[in-house]
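A.B. asks: Quick one, structure for this:
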Amino acid sequence: MRSFFAIATVASLGMFACVGDDPTTTPTPSDGGATDAAATDAAAADAAETDAGPTDAAPTDAGPTDAGPKPPFSPRDLSAVSLWFDASNVTLANGKIAAWSDSSGSGTTPIKLVPVTSSTLTFTAPTPDSILAGGVPTVRFTQVATAPQRFQAMVLQSAGNRLDFATGDLAAEVVVSVSDKNSNNLGAVLLNNKVVSPFDGLQLYANYTNVVRTVERHGMVGGGLGGNNSSNLTPPANAAVDTHDGKLHLIGFRRVNGRVSLRYDGKELAFATPPPNALVNATNALPFYVGGSPTGEHAVSMQIADIVILKGTHTDDELNALETFLTIKDKL
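C.D. replies: You can find the predicted model right below:
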């Protein structure tokens, strides 16, 4: 609230003492009846004296407005946010991750990722790791394909309608680093797709192969809504992409008004506008895996710091704000 100050000046009033002539006393000739010049008019002197204090007008209030400073951005500020898994929000049991809880604040029922178990595979829950990016917490998934096999993944529980994208807008953003430099597996980061052709559903990968300056390289990103249709995207030839350079990277897949795009470190790598028959109806009726699959298909060792899923209308500015937040938070 702006403050206004009223400064009141008080004028000193000169006091005059009038002395009458005594009728029995002969006036002094030197008096001459003139006023006493030594007795100056104090009121006049006060009037001549300027008021050196502040003016009555209030000074300009240069302080913050009533609203105060703008609060820092959070994915929770986005109306389209459906899921947000922050690696600092995990529950441990015997030093291993028992659950990875959603931080989005979306929906009325708390949901979480839990380790997948399999009757044919030995599963060891991932553990928190703070090696990458100067201490940024990550969830580590260690895949071992040789005997004894050990494939790690987490699966979403109690999703409700969080993943009911239908044919509407969506975005998936993940901060990840791949550890397997020589693996030919695709590096499944997110899998929410059918297990039969055309494998419809949301997919995001971090170990595609690509030819960069005549050399085939792994560690590329890839994403899509179906394995056998044009909703899938990979980087163009010679794209400078590498998710297993010992650093965390931001990878993403987006669909807006039917247009699909693949993103890497806050920039668009590739895009397409598939025909209507390729606008896959992505649904939460399918399991949602993170860090691989229970069978080990497409699995590579990786570390994940953040996962954010947007469902529904969101603007370019909102996506940029989200990517900027993740870039700063995870020290990319």
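
A.B. asks: Tell me the buried residues in the longest helix seen in the chain?
C.D. replies: Identified as the longest helix of the chain according to DSSP state H is helix 316-329. For helix 316-329, burial by neighbour count (16 or more other C-beta atoms under 10 Å) applies to Glu318, Leu319, Ala321, Leu322, Glu323, Phe325, Leu326, Lys329. C-beta: built from backbone N, CA, C; applies to glycine.

A.B. asks: okay, the residues you listed in a markdown table with pLDDT next?
C.D. replies: As requested, the buried residues of helix 316-329 are exported to a markdown table (pLDDT from 0 to 100):
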| residue | pLDDT |
| --- | --- |
| Glu318 | 97 |
| Leu319 | 97 |
| Ala321 | 97 |
| Leu322 | 98 |
| Glu323 | 98 |
| Phe325 | 97 |
| Leu326 | 97 |
| Lys329 | 95 |
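
A.B. asks: tell me which of these is nearest to Val290?
C.D. replies: Set against Val290, the nearest of the buried residues of helix 316-329 by C-beta to C-beta is Leu326 (16.1 Å).

A.B. asks: In contact with the closest one, which residues?
C.D. replies: Applying C-beta atoms under 8 Å, 6 or more residues apart in numbering to Leu326 gives the contacts Glu173, Val175, Leu250, Asp306, Val308, Leu332.

A.B. asks: now the second one: how far from Ile328?
C.D. replies: Applying C-beta to C-beta, to the nearest Å, one obtains 11 Å for the distance of Val175 from Ile328.

A.B. asks: Equivalent analysis for the first one, please.
C.D. replies: The gap separating Glu173 from Ile328 is 14 Å, by C-beta to C-beta.

A.B. asks: Tell me the one of the contacts of Leu326 nearest Ala125?
C.D. replies: Checking the contacts of Leu326 one by one against Ala125 (C-beta to C-beta), the nearest turns out to be Asp306, at 19.0 Å.

A.B. asks: tell me which element the closest one is part of?
C.D. replies: strand 302-311 (DSSP states H and E).

A.B. asks: Could I get the CA-only coordinates of that strand as CSV?
C.D. replies: Extracted in CSV, the C-alpha atoms of strand 302-311 (Å, rounded to 0.1, in the frame of the first residue of the first chain):
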residue,chain,number,x,y,z
MET,A,302,20.3,-45.1,-17.5
GLN,A,303,19.7,-42.4,-14.9
ILE,A,304,16.6,-40.3,-14.7
ALA,A,305,16.2,-37.0,-12.8
ASP,A,306,12.7,-35.8,-13.8
ILE,A,307,9.7,-36.9,-15.8
VAL,A,308,6.9,-34.5,-16.7
ILE,A,309,3.8,-35.5,-18.7
LEU,A,310,1.4,-32.9,-20.0
LYS,A,311,-2.1,-33.9,-21.2
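
A.B. asks: Listing partners with orientation, what would you give for it?
C.D. replies: Here strand 302-311 has these sheet partners by DSSP bridges: strand 81-93 (antiparallel), strand 138-141 (antiparallel), strand 170-178 (antiparallel).

A.B. asks: quick one, it and helix 316-329 angle?
C.D. replies: Inter-element angle recorded for strand 302-311 and helix 316-329: 160 degrees (by axes from the mean of the first three to the mean of the last three C-alpha atoms, to 10 degrees).

A.B. asks: mind listing the strands for the stretch 51-200 of the chain?
C.D. replies: 81-93, 96-102, 112-115, 128-129, 138-141, 154-157, 170-178, 188-193 (DSSP state E, counting those that start in this stretch).

A.B. asks: Mean pLDDT lowest where, among the ones you listed?
C.D. replies: Among the strands of the stretch 51-200 of the chain, strand 128-129 has the lowest mean pLDDT, at a mean of 77.

A.B. asks: neighbouring contacts of it?
C.D. replies: Residues contacting strand 128-129 (C-beta under 8 Å, 6+ apart): Ala87, Val90, Leu92, Ile97, Pro137, Thr138, Val139, Arg140, Gln303.

A.B. asks: which stretches of the stretch 201-332 of the chain form strands?
C.D. replies: All strands of the stretch 201-332 of the chain, identified by DSSP E, counting those that start in this stretch, fall at 201-212, 215-224, 249-256, 259-264, 267-272, 289-290, 302-311.

A.B. asks: who wins for proximity to Gln157 among the ones you listed?
C.D. replies: Proximity to Gln157 (C-beta to C-beta) singles out strand 289-290 among these, at 11.8 Å.

A.B. asks: Now do the closest one: which elements does it pack against?
C.D. replies: If you count contacts as 3 or more C-beta pairs under 8 Å, 6 or more residues apart in numbering; DSSP states H and E, strand 289-290 packs onto strand 154-157, strand 188-193.

A.B. asks: just those: most buried one?
C.D. replies: When you average the neighbours per residue for each of the helices and strands packed on strand 289-290 (mean count of other C-beta atoms under 10 Å), strand 188-193 leads with a mean of 26.

A.B. asks: So what touches it?
C.D. replies: Outside strand 188-193, the residues touching it (C-beta under 8 Å, 6+ apart) are 163, 172, 174, 176, 199-206, 225-227, 251, 282, 284, 286-293, 297-300, 302, 304, 307.

A.B. asks: Tell me which strands it pairs with, and in which orientation.
C.D. replies: Partners of strand 188-193 in the sheet, by DSSP bridges, are strand 201-212 (antiparallel), strand 289-290 (antiparallel).
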